[in-house]
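>>> below: sequence and its predicted model.
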Amino acid sequence: MAFTYSVRFGAGTIAAGTAASIYTVPVGNIAVVRCIAAIPLGTGAANMLAAIVGFANFMGEPTTTVNDGFVWQGRVVLNAGESLQVQAIGQSFQYAVSGYLLAT
């Protein structure tokens, strides 16, 4: 199985109260999400979630202050055709998601 070490699956800003699909795994590949870094852009209670579309959230990080960023590290596998989604609750966030893209 060939792989590319550290692919960025998505990066940007997500507005408070919204969810966005940021990456769909191409046919013939498997994606492994390894790292999510995020920072809220406002003050007050906030939470950023990550999920495989159609399944439960696999990451949820609460924060309460501006610039109170966090880094999640793990190993979540997405199969070909599955999409990765991020969601911002309470505040807008800047985020970056990376991991491995494996060819099947």
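All right, it came through fine.

>>> which residues are contacting stretch 91-100?
3-16, 22-23, 31-46, 48, 50, 63, 84, 86 (Cβ atoms under 8 Å, 6 or more residues apart in numbering). Yep, even glycine has a C-beta here, placed from its N, CA and C like the rest.

>>> what's the average pLDDT for the helix or strand containing V7?
In this structure, V7 sits in strand 3-14 according to DSSP states H and E. Strand 3-14 shows an average pLDDT of 86 in the prediction.

>>> out of the contacts of stretch 91-100, which are buried?
Buried members of the contacts of stretch 91-100, counted by 16 or more other Cβ atoms under 10 Å: 7, 9-10, 14, 16, 22-23, 31-34, 36, 38-41, 46, 48, 50, 63, 84, 86.

>>> tell me how many other residues crowd S92.
17 (other Cβ atoms under 10 Å).

>>> quick check: it vs V53, distance?
According to Cβ to Cβ, to the nearest Å, S92 stands 21 Å off from V53.
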